[in-house]
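[1] What follows is a predicted structure for the sequence shown.
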Amino acid sequence: MRRYYFTLALIVLLLGLTIWFNVPGHPQIKIGNFERSMDLVLGLDLQGGVQVLLEADLPANTPIDPQALEDARTILENRTNALGVSENLFQVAGERRIVAEFPGLSDPEKVLAVIKETGLLEFVDLQDNPENLKEGDVILTDFGQTSASSQPADTTTAPGTEAEAQPASTTVYHTIMTGKDLKSVVVSRNPTTGEVVIDFTLSDEGAKIFDEYTSNNIGKILAIVLDKKIISAPRVQGRIPSGQGQITGNFTIETANNLAIQMRYGALPIPFKVVESRVIGPTLGRDSLQKSLLAGFVGFTIVILFMGIYYRLPGTMADLSLLVYALITLTLFRFIPVTLTLPGIAGFLLSTGSALDANILIFERLKEELRAGRTFTQALDLAWKRALPSIRDSNIATLITVVILFIFGSQFGATIVKGFAFTLGVGIFVSLFCALVVTRTFMYILVDRLKPQAKHLKWFGILD
(Lines give C-alpha, C1' and ligand atoms only; values in the text may rest on other atoms or scores of the structure.)
Protein backbone atom coordinates (compact mmCIF):
# COMPACT_ATOMS: atom_id res chain seq x y z
CA MET A 1 0.00 0.00 0.00
CA ARG A 2 2.98 2.31 0.44
CA ARG A 3 3.22 2.97 -3.27
CA TYR A 4 -0.39 4.20 -3.36
CA TYR A 5 0.33 6.76 -0.65
CA PHE A 6 3.37 7.89 -2.65
CA THR A 7 1.21 8.15 -5.77
CA LEU A 8 -1.34 10.14 -3.76
CA ALA A 9 1.37 12.63 -2.80
CA LEU A 10 2.26 13.08 -6.49
CA ILE A 11 -1.42 13.55 -7.37
CA VAL A 12 -1.79 16.23 -4.68
CA LEU A 13 1.31 17.99 -6.04
CA LEU A 14 -0.06 17.79 -9.59
CA LEU A 15 -3.44 19.08 -8.37
CA GLY A 16 -1.76 22.03 -6.66
CA LEU A 17 0.14 22.94 -9.83
CA THR A 18 -2.99 22.77 -11.99
CA ILE A 19 -4.92 24.97 -9.56
CA TRP A 20 -2.04 27.47 -9.57
CA PHE A 21 -1.88 27.53 -13.38
CA ASN A 22 -5.62 28.18 -13.61
CA VAL A 23 -5.79 31.05 -11.13
CA PRO A 24 -7.07 34.15 -12.98
CA GLY A 25 -4.25 36.48 -13.95
CA HIS A 26 -1.59 33.80 -13.58
CA PRO A 27 1.68 34.94 -15.17
CA GLN A 28 3.29 33.12 -18.04
CA ILE A 29 5.67 30.21 -17.53
CA LYS A 30 9.29 31.26 -17.94
CA ILE A 31 12.16 28.80 -17.53
CA GLY A 32 15.40 30.09 -19.04
CA ASN A 33 14.70 30.89 -22.67
CA PHE A 34 11.41 29.00 -22.60
CA GLU A 35 8.30 31.14 -22.28
CA ARG A 36 4.66 30.15 -22.48
CA SER A 37 1.56 32.24 -21.81
CA MET A 38 -1.11 30.42 -19.82
CA ASP A 39 -4.01 32.50 -21.08
CA LEU A 40 -7.00 30.68 -22.51
CA VAL A 41 -7.21 31.19 -26.27
CA LEU A 42 -10.75 31.64 -27.54
CA GLY A 43 -11.75 30.91 -31.11
CA LEU A 44 -13.69 32.97 -33.59
CA ASP A 45 -17.10 31.76 -32.46
CA LEU A 46 -16.46 32.63 -28.81
CA GLN A 47 -14.84 36.06 -28.96
CA GLY A 48 -15.94 37.24 -32.38
CA GLY A 49 -13.66 38.26 -35.23
CA VAL A 50 -13.30 38.14 -38.98
CA GLN A 51 -13.53 35.15 -41.32
CA VAL A 52 -12.32 35.40 -44.92
CA LEU A 53 -12.75 32.84 -47.71
CA LEU A 54 -10.10 33.05 -50.45
CA GLU A 55 -10.27 31.27 -53.81
CA ALA A 56 -7.60 30.87 -56.47
CA ASP A 57 -8.17 33.57 -59.09
CA LEU A 58 -7.57 31.21 -62.00
CA PRO A 59 -9.83 29.54 -64.59
CA ALA A 60 -11.78 26.64 -63.11
CA ASN A 61 -10.03 24.10 -65.36
CA THR A 62 -6.51 25.24 -64.35
CA PRO A 63 -4.80 22.60 -62.17
CA ILE A 64 -3.31 23.93 -58.92
CA ASP A 65 -0.24 22.43 -57.31
CA PRO A 66 -1.14 21.37 -53.73
CA GLN A 67 2.33 22.45 -52.55
CA ALA A 68 1.86 25.91 -54.05
CA LEU A 69 -1.47 26.16 -52.22
CA GLU A 70 0.19 25.15 -48.96
CA ASP A 71 3.03 27.64 -49.52
CA ALA A 72 0.48 30.38 -50.15
CA ARG A 73 -1.22 29.49 -46.88
CA THR A 74 2.10 29.77 -45.02
CA ILE A 75 2.96 33.11 -46.64
CA LEU A 76 -0.45 34.57 -45.85
CA GLU A 77 -0.31 33.35 -42.27
CA ASN A 78 3.15 34.86 -41.71
CA ARG A 79 2.15 38.08 -43.44
CA THR A 80 -0.98 38.59 -41.34
CA ASN A 81 0.90 38.05 -38.07
CA ALA A 82 1.63 41.78 -38.31
CA LEU A 83 -2.02 42.39 -37.49
CA GLY A 84 -1.28 41.55 -33.89
CA VAL A 85 -3.74 38.64 -33.90
CA SER A 86 -1.60 35.84 -32.51
CA GLU A 87 -4.15 33.11 -33.16
CA ASN A 88 -5.00 33.84 -36.76
CA LEU A 89 -5.66 30.61 -38.59
CA PHE A 90 -5.26 29.74 -42.27
CA GLN A 91 -6.39 26.37 -43.57
CA VAL A 92 -6.49 24.88 -47.04
CA ALA A 93 -10.07 24.01 -47.95
CA GLY A 94 -10.36 21.64 -50.89
CA GLU A 95 -8.24 22.14 -54.00
CA ARG A 96 -8.70 25.86 -54.64
CA ARG A 97 -9.62 27.64 -51.42
CA ILE A 98 -8.12 28.92 -48.18
CA VAL A 99 -10.17 29.77 -45.10
CA ALA A 100 -8.73 32.46 -42.81
CA GLU A 101 -9.97 33.24 -39.31
CA PHE A 102 -8.94 36.21 -37.17
CA PRO A 103 -10.34 35.98 -33.61
CA GLY A 104 -10.69 39.29 -31.82
CA LEU A 105 -10.50 41.41 -34.99
CA SER A 106 -13.49 43.51 -35.96
CA ASP A 107 -12.34 45.35 -39.11
CA PRO A 108 -12.15 43.17 -42.25
CA GLU A 109 -10.36 45.96 -44.14
CA LYS A 110 -7.26 45.38 -42.00
CA VAL A 111 -7.21 41.77 -43.10
CA LEU A 112 -7.89 42.43 -46.77
CA ALA A 113 -5.17 45.10 -46.95
CA VAL A 114 -2.54 42.68 -45.70
CA ILE A 115 -3.74 39.78 -47.84
CA LYS A 116 -3.50 41.90 -50.98
CA GLU A 117 0.11 42.94 -50.37
CA THR A 118 2.49 41.92 -53.15
CA GLY A 119 5.23 40.43 -50.98
CA LEU A 120 8.31 42.12 -52.48
CA LEU A 121 11.57 40.17 -52.04
CA GLU A 122 14.82 42.14 -52.42
CA PHE A 123 18.55 41.45 -52.16
CA VAL A 124 19.86 44.60 -50.49
CA ASP A 125 23.47 45.79 -50.14
CA LEU A 126 24.15 46.64 -46.48
CA GLN A 127 27.95 46.90 -47.05
CA ASP A 128 29.55 46.74 -43.56
CA ASN A 129 26.20 47.29 -41.81
CA PRO A 130 27.32 50.35 -39.84
CA GLU A 131 23.91 50.67 -38.17
CA ASN A 132 23.98 47.08 -36.86
CA LEU A 133 20.73 46.16 -38.55
CA LYS A 134 19.46 42.67 -37.75
CA GLU A 135 16.74 40.21 -38.69
CA GLY A 136 13.29 41.74 -38.20
CA ASP A 137 14.41 45.34 -38.73
CA VAL A 138 12.51 47.41 -41.31
CA ILE A 139 14.70 49.39 -43.72
CA LEU A 140 14.32 51.78 -46.65
CA THR A 141 15.50 50.64 -50.07
CA ASP A 142 15.82 52.45 -53.38
CA PHE A 143 13.83 49.90 -55.37
CA GLY A 144 10.92 51.54 -57.17
CA GLN A 145 11.80 55.04 -56.03
CA THR A 146 11.93 58.13 -58.23
CA SER A 147 14.48 59.74 -55.92
CA ALA A 148 16.64 58.70 -53.03
CA SER A 149 14.66 60.83 -50.65
CA SER A 150 11.26 59.50 -51.58
CA GLN A 151 9.45 56.89 -49.53
CA PRO A 152 10.10 53.30 -50.63
CA ALA A 153 7.60 51.53 -52.78
CA ASP A 154 5.45 48.74 -51.37
CA THR A 155 5.62 49.69 -47.71
CA THR A 156 1.89 49.28 -47.22
CA THR A 157 1.03 48.09 -43.74
CA ALA A 158 -2.25 47.17 -42.21
CA PRO A 159 -3.97 49.92 -40.23
CA GLY A 160 -3.02 49.76 -36.59
CA THR A 161 0.47 48.33 -37.25
CA GLU A 162 2.28 51.53 -38.18
CA ALA A 163 4.35 51.47 -35.01
CA GLU A 164 5.63 47.98 -35.79
CA ALA A 165 6.52 48.92 -39.37
CA GLN A 166 8.61 52.04 -38.57
CA PRO A 167 12.03 51.78 -40.27
CA ALA A 168 14.95 50.99 -37.98
CA SER A 169 17.08 53.25 -40.20
CA THR A 170 16.45 56.33 -42.32
CA THR A 171 19.30 55.40 -44.67
CA VAL A 172 18.19 54.30 -48.11
CA TYR A 173 19.98 51.07 -49.08
CA HIS A 174 20.58 49.88 -52.61
CA THR A 175 18.65 46.90 -53.95
CA ILE A 176 20.89 44.63 -56.04
CA MET A 177 18.06 42.51 -57.44
CA THR A 178 14.59 41.24 -56.56
CA GLY A 179 12.92 37.88 -56.11
CA LYS A 180 11.99 37.69 -59.79
CA ASP A 181 15.62 36.69 -60.47
CA LEU A 182 15.39 33.57 -58.28
CA LYS A 183 15.08 30.33 -60.22
CA SER A 184 15.01 27.77 -57.38
CA VAL A 185 15.54 27.57 -53.61
CA VAL A 186 16.29 24.28 -51.83
CA VAL A 187 17.02 23.38 -48.19
CA SER A 188 19.83 20.85 -47.70
CA ARG A 189 22.58 19.78 -45.32
CA ASN A 190 26.30 20.33 -45.74
CA PRO A 191 27.63 16.79 -46.33
CA THR A 192 30.77 17.54 -44.31
CA THR A 193 29.49 19.46 -41.29
CA GLY A 194 25.83 18.44 -41.31
CA GLU A 195 24.88 22.12 -41.09
CA VAL A 196 21.46 23.09 -42.49
CA VAL A 197 21.92 25.44 -45.47
CA ILE A 198 19.82 27.05 -48.19
CA ASP A 199 20.96 26.61 -51.79
CA PHE A 200 19.59 28.93 -54.45
CA THR A 201 19.91 29.25 -58.23
CA LEU A 202 19.44 32.48 -60.16
CA SER A 203 18.17 33.24 -63.63
CA ASP A 204 20.73 34.13 -66.31
CA GLU A 205 20.19 37.84 -65.75
CA GLY A 206 20.33 37.43 -61.99
CA ALA A 207 23.54 35.36 -62.27
CA LYS A 208 25.30 38.20 -64.11
CA ILE A 209 24.22 40.74 -61.50
CA PHE A 210 25.24 38.43 -58.65
CA ASP A 211 28.61 37.66 -60.25
CA GLU A 212 29.46 41.34 -60.53
CA TYR A 213 28.30 42.18 -57.02
CA THR A 214 30.03 39.29 -55.24
CA SER A 215 33.26 39.92 -57.13
CA ASN A 216 33.45 43.47 -55.82
CA ASN A 217 31.96 43.01 -52.33
CA ILE A 218 33.61 40.01 -50.67
CA GLY A 219 33.14 40.24 -46.91
CA LYS A 220 30.20 42.63 -47.24
CA ILE A 221 26.64 41.91 -46.06
CA LEU A 222 23.88 41.20 -48.58
CA ALA A 223 20.52 41.27 -46.79
CA ILE A 224 17.48 39.32 -47.93
CA VAL A 225 14.51 41.63 -47.40
CA LEU A 226 10.80 40.82 -47.63
CA ASP A 227 8.35 43.74 -47.69
CA LYS A 228 11.19 45.98 -46.43
CA LYS A 229 11.85 43.72 -43.42
CA ILE A 230 15.20 41.92 -43.10
CA ILE A 231 14.66 38.16 -42.94
CA SER A 232 18.34 37.18 -43.27
CA ALA A 233 21.65 39.03 -43.50
CA PRO A 234 24.41 36.68 -44.75
CA ARG A 235 27.98 37.84 -45.46
CA VAL A 236 29.45 37.38 -48.97
CA GLN A 237 32.10 34.66 -48.62
CA GLY A 238 33.47 34.83 -52.15
CA ARG A 239 32.72 35.42 -55.80
CA ILE A 240 29.71 33.50 -57.14
CA PRO A 241 29.94 33.41 -60.94
CA SER A 242 27.66 30.46 -61.58
CA GLY A 243 24.43 31.95 -60.29
CA GLN A 244 24.32 29.27 -57.60
CA GLY A 245 24.74 30.41 -54.03
CA GLN A 246 24.38 29.13 -50.48
CA ILE A 247 23.07 30.84 -47.36
CA THR A 248 24.48 29.60 -44.07
CA GLY A 249 23.50 30.43 -40.51
CA ASN A 250 22.19 28.87 -37.33
CA PHE A 251 19.29 27.26 -39.16
CA THR A 252 17.09 24.41 -38.10
CA ILE A 253 15.19 22.48 -40.75
CA GLU A 254 12.03 24.38 -39.82
CA THR A 255 13.55 27.87 -39.91
CA ALA A 256 15.39 27.09 -43.14
CA ASN A 257 12.21 25.84 -44.78
CA ASN A 258 10.35 28.97 -43.68
CA LEU A 259 13.06 31.20 -45.14
CA ALA A 260 13.13 29.14 -48.34
CA ILE A 261 9.38 29.59 -48.75
CA GLN A 262 9.74 33.34 -48.23
CA MET A 263 12.54 33.49 -50.78
CA ARG A 264 10.83 31.21 -53.29
CA TYR A 265 7.50 32.97 -53.04
CA GLY A 266 8.06 36.51 -51.85
CA ALA A 267 4.87 37.11 -53.74
CA LEU A 268 2.03 34.60 -53.59
CA PRO A 269 2.52 31.64 -55.95
CA ILE A 270 -1.20 31.72 -56.74
CA PRO A 271 -3.40 34.80 -57.25
CA PHE A 272 -6.38 34.87 -54.91
CA LYS A 273 -9.70 36.64 -54.80
CA VAL A 274 -11.85 37.21 -51.74
CA VAL A 275 -15.01 35.15 -52.19
CA GLU A 276 -16.55 36.04 -48.84
CA SER A 277 -15.71 37.97 -45.70
CA ARG A 278 -17.87 38.25 -42.63
CA VAL A 279 -17.65 39.73 -39.16
CA ILE A 280 -18.79 37.71 -36.17
CA GLY A 281 -19.77 40.07 -33.39
CA PRO A 282 -18.23 39.71 -29.91
CA THR A 283 -21.72 39.79 -28.35
CA LEU A 284 -22.65 36.57 -30.14
CA GLY A 285 -19.38 35.05 -29.01
CA ARG A 286 -19.90 36.02 -25.37
CA ASP A 287 -23.46 34.69 -25.38
CA SER A 288 -22.29 31.41 -26.90
CA LEU A 289 -19.51 31.09 -24.32
CA GLN A 290 -21.81 31.81 -21.39
CA LYS A 291 -24.38 29.27 -22.58
CA SER A 292 -21.66 26.68 -23.19
CA LEU A 293 -20.20 27.19 -19.71
CA LEU A 294 -23.68 26.98 -18.17
CA ALA A 295 -24.42 23.76 -20.07
CA GLY A 296 -21.06 22.32 -18.98
CA PHE A 297 -21.69 23.27 -15.33
CA VAL A 298 -25.15 21.70 -15.36
CA GLY A 299 -23.80 18.55 -17.01
CA PHE A 300 -20.95 18.20 -14.51
CA THR A 301 -23.32 18.73 -11.59
CA ILE A 302 -25.72 16.02 -12.80
CA VAL A 303 -22.87 13.59 -13.39
CA ILE A 304 -21.34 14.23 -9.96
CA LEU A 305 -24.70 13.76 -8.23
CA PHE A 306 -25.44 10.56 -10.16
CA MET A 307 -22.06 8.99 -9.38
CA GLY A 308 -22.25 9.94 -5.71
CA ILE A 309 -25.83 8.74 -5.20
CA TYR A 310 -25.66 5.50 -7.19
CA TYR A 311 -22.11 4.29 -6.42
CA ARG A 312 -21.79 5.83 -2.94
CA LEU A 313 -18.14 5.96 -1.79
CA PRO A 314 -16.62 4.77 -5.11
CA GLY A 315 -18.76 7.34 -6.91
CA THR A 316 -17.46 10.07 -4.61
CA MET A 317 -13.88 9.01 -5.40
CA ALA A 318 -14.76 9.16 -9.10
CA ASP A 319 -16.16 12.67 -8.60
CA LEU A 320 -12.89 13.80 -7.05
CA SER A 321 -11.02 12.18 -9.94
CA LEU A 322 -13.31 13.98 -12.39
CA LEU A 323 -12.38 17.34 -10.85
CA VAL A 324 -8.70 16.43 -11.21
CA TYR A 325 -9.40 15.51 -14.85
CA ALA A 326 -11.03 18.89 -15.52
CA LEU A 327 -8.14 20.85 -14.00
CA ILE A 328 -5.44 18.85 -15.84
CA THR A 329 -7.24 19.15 -19.17
CA LEU A 330 -7.79 22.89 -18.75
CA THR A 331 -4.10 23.33 -17.90
CA LEU A 332 -3.09 21.43 -21.05
CA PHE A 333 -5.43 23.60 -23.13
CA ARG A 334 -3.66 26.68 -21.73
CA PHE A 335 -0.16 25.25 -22.17
CA ILE A 336 -0.36 23.77 -25.70
CA PRO A 337 -2.25 26.17 -26.37
CA VAL A 338 -5.59 24.97 -27.75
CA THR A 339 -7.86 27.50 -29.46
CA LEU A 340 -11.19 26.83 -27.78
CA THR A 341 -14.28 26.91 -29.98
CA LEU A 342 -17.82 25.70 -29.33
CA PRO A 343 -17.10 22.32 -31.00
CA GLY A 344 -13.85 22.16 -29.02
CA ILE A 345 -15.73 22.65 -25.77
CA ALA A 346 -18.18 19.95 -26.90
CA GLY A 347 -15.26 17.58 -27.47
CA PHE A 348 -13.93 18.34 -23.99
CA LEU A 349 -17.29 17.69 -22.35
CA LEU A 350 -17.80 14.51 -24.36
CA SER A 351 -14.43 13.17 -23.23
CA THR A 352 -15.72 13.17 -19.65
CA GLY A 353 -17.86 10.26 -20.77
CA SER A 354 -14.69 8.21 -21.29
CA ALA A 355 -13.64 8.83 -17.70
CA LEU A 356 -17.08 7.88 -16.44
CA ASP A 357 -17.27 4.80 -18.68
CA ALA A 358 -14.03 3.48 -17.22
CA ASN A 359 -15.13 4.15 -13.66
CA ILE A 360 -18.55 2.60 -14.18
CA LEU A 361 -17.06 -0.57 -15.68
CA ILE A 362 -14.68 -0.88 -12.73
CA PHE A 363 -17.32 -0.14 -10.09
CA GLU A 364 -19.79 -2.65 -11.51
CA ARG A 365 -17.08 -5.31 -11.50
CA LEU A 366 -16.23 -4.28 -7.94
CA LYS A 367 -19.82 -4.80 -6.80
CA GLU A 368 -19.90 -8.25 -8.41
CA GLU A 369 -16.74 -9.31 -6.59
CA LEU A 370 -17.95 -7.94 -3.26
CA ARG A 371 -21.23 -9.84 -3.63
CA ALA A 372 -19.14 -12.96 -4.20
CA GLY A 373 -17.70 -12.50 -0.71
CA ARG A 374 -14.22 -11.26 -1.58
CA THR A 375 -12.37 -8.74 0.54
CA PHE A 376 -12.15 -5.10 -0.54
CA THR A 377 -8.56 -5.49 -1.74
CA GLN A 378 -9.27 -8.73 -3.61
CA ALA A 379 -12.38 -7.23 -5.20
CA LEU A 380 -10.45 -4.14 -6.34
CA ASP A 381 -7.64 -6.20 -7.83
CA LEU A 382 -10.07 -8.36 -9.81
CA ALA A 383 -12.27 -5.43 -10.82
CA TRP A 384 -9.37 -3.55 -12.40
CA LYS A 385 -7.95 -6.65 -14.01
CA ARG A 386 -11.24 -7.72 -15.62
CA ALA A 387 -12.45 -4.25 -16.61
CA LEU A 388 -9.18 -3.16 -18.22
CA PRO A 389 -9.65 -4.96 -21.60
CA SER A 390 -13.07 -3.36 -22.09
CA ILE A 391 -11.72 0.08 -21.13
CA ARG A 392 -8.76 -0.33 -23.47
CA ASP A 393 -10.81 -1.45 -26.47
CA SER A 394 -13.50 1.21 -26.15
CA ASN A 395 -10.99 4.04 -25.88
CA ILE A 396 -8.87 2.73 -28.76
CA ALA A 397 -12.00 2.73 -30.92
CA THR A 398 -12.74 6.32 -29.90
CA LEU A 399 -9.15 7.42 -30.57
CA ILE A 400 -9.26 5.88 -34.05
CA THR A 401 -12.36 7.96 -34.74
CA VAL A 402 -10.54 11.04 -33.40
CA VAL A 403 -7.58 10.48 -35.74
CA ILE A 404 -9.87 10.03 -38.75
CA LEU A 405 -11.81 13.20 -37.92
CA PHE A 406 -8.61 15.18 -37.44
CA ILE A 407 -7.04 13.97 -40.71
CA PHE A 408 -10.14 14.68 -42.77
CA GLY A 409 -10.59 18.02 -41.03
CA SER A 410 -7.02 18.96 -42.02
CA GLN A 411 -7.51 17.94 -45.65
CA PHE A 412 -10.75 19.82 -46.19
CA GLY A 413 -10.14 22.83 -43.97
CA ALA A 414 -12.90 21.88 -41.56
CA THR A 415 -11.60 23.72 -38.51
CA ILE A 416 -14.76 22.85 -36.57
CA VAL A 417 -14.09 19.13 -36.99
CA LYS A 418 -10.38 19.50 -36.14
CA GLY A 419 -11.08 21.44 -32.96
CA PHE A 420 -13.65 18.90 -31.83
CA ALA A 421 -11.33 15.96 -32.58
CA PHE A 422 -8.30 17.50 -30.89
CA THR A 423 -9.99 18.42 -27.61
CA LEU A 424 -11.75 15.05 -27.54
CA GLY A 425 -8.42 13.26 -28.04
CA VAL A 426 -6.66 15.23 -25.29
CA GLY A 427 -9.60 14.63 -22.99
CA ILE A 428 -9.55 10.88 -23.60
CA PHE A 429 -5.87 10.55 -22.67
CA VAL A 430 -6.34 12.62 -19.51
CA SER A 431 -9.53 10.76 -18.57
CA LEU A 432 -7.75 7.42 -18.90
CA PHE A 433 -4.96 8.65 -16.65
CA CYS A 434 -7.49 9.81 -14.06
CA ALA A 435 -9.53 6.61 -14.19
CA LEU A 436 -6.60 4.19 -14.06
CA VAL A 437 -4.27 6.15 -11.76
CA VAL A 438 -6.15 8.80 -9.78
CA THR A 439 -9.38 6.88 -9.07
CA ARG A 440 -7.45 3.67 -8.46
CA THR A 441 -5.17 5.37 -5.93
CA PHE A 442 -8.12 6.93 -4.14
CA MET A 443 -9.93 3.59 -3.99
CA TYR A 444 -7.02 1.55 -2.62
CA ILE A 445 -6.31 4.11 0.09
CA LEU A 446 -10.04 4.19 0.92
CA VAL A 447 -10.40 0.43 1.36
CA ASP A 448 -7.20 0.36 3.38
CA ARG A 449 -8.88 2.67 5.89
CA LEU A 450 -12.25 0.84 6.01
CA LYS A 451 -12.31 -2.06 8.48
CA PRO A 452 -14.21 -4.28 9.18
CA GLN A 453 -15.58 -4.91 5.69
CA ALA A 454 -19.18 -6.01 6.34
CA LYS A 455 -19.97 -2.77 8.11
CA HIS A 456 -19.27 -0.71 4.96
CA LEU A 457 -20.78 -2.80 2.15
CA LYS A 458 -23.73 -0.43 1.79
CA TRP A 459 -21.27 2.39 1.20
CA PHE A 460 -20.29 0.54 -2.00
CA GLY A 461 -23.84 0.17 -3.29
CA ILE A 462 -24.29 -3.38 -1.99
CA LEU A 463 -27.81 -3.30 -0.59
CA ASP A 464 -28.52 -7.04 -0.16
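    Everything's here; your move.

[2] distance of Ala358 from Thr398?
    Relative to Thr398, Ala358 is positioned 11 Å away (C-beta to C-beta, to the nearest Å). Every C-beta, even on glycine, is put in place using the N, C-alpha and C of the backbone.

[3] my bad, should have said Ile139
    53 Å.

[4] and these two? which has more neighbours close in?
    Ile139 (22 against 18; other C-beta atoms under 10 Å).

[5] which non-adjacent residue is nearest Pro103?
    Nearest residue to Pro103 in three dimensions, chain neighbours excluded: Gly49, at 4.2 Å (C-beta to C-beta, 6 or more residues apart in numbering).

[6] Does that neighbour touch Gly104 like I think?
    Yes. Between Gly49 and Gly104 a contact is recorded at 5.5 Å, counting by C-beta atoms under 8 Å.

[7] Low-confidence stretches in the stretch 1-150 of the chain?
    Across the stretch 1-150 of the chain, the ranges flagged by pLDDT under 70 are 26-27, 33, 81-87, 117-118, 144-150.

[8] related to what we said a few turns ago, and Gly49 and Gly104? Which one has more around it.
    Of the pair Gly49 and Gly104, Gly49 is the one with more neighbours under other C-beta under 10 Å, namely 27 against 20.

[9] roughly how far apart are the more buried one and Ser106?
    Gly49 is 7 Å from Ser106, where distance means C-beta to C-beta.

[10] was I right about Ile139 contacting Thr170?
    No. Using C-beta under 8 Å as the test, Ile139 is too far from Thr170 to be in contact (9.4 Å).

[11] give me phi/psi at Ser277?
    Taking degrees, to the nearest 10, you get phi -140, psi 140 for the backbone angles of Ser277.

[12] Can you report how many residues lie near it?
    Counted with other C-beta under 10 Å, residues neighbouring Ser277 total 16.

[13] Over to Asp65?
    11.

[14] Please apply the same query to Val437.
    So Val437, with other C-beta under 10 Å, has 15 neighbours.

[15] so what's the backbone phi/psi at the nearest residue to it once chain neighbours are set aside?
    When the adjacent residues along the chain are set aside, Val437 lies closest to Thr7, with 6.9 Å between them (C-beta to C-beta, 6+ apart). Note on Thr7: its backbone torsions stand at phi -60, psi -40 [degrees, to the nearest 10].

[16] quick one: the helices in the stretch 151-300 of the chain?
    Along the stretch 151-300 of the chain, counting by DSSP state H, counting those that start in this stretch, helices occupy 204-216, 253-264, 282-335.

[17] ok, Phe433 to Leu370 distance?
    26 Å.

[18] Looking at those two, which one has more neighbours?
    Remark: of Phe433 and Leu370, Leu370 carries more neighbours, 21 against 17, as counted by other C-beta under 10 Å.

[19] No further queries at this time; thank you.
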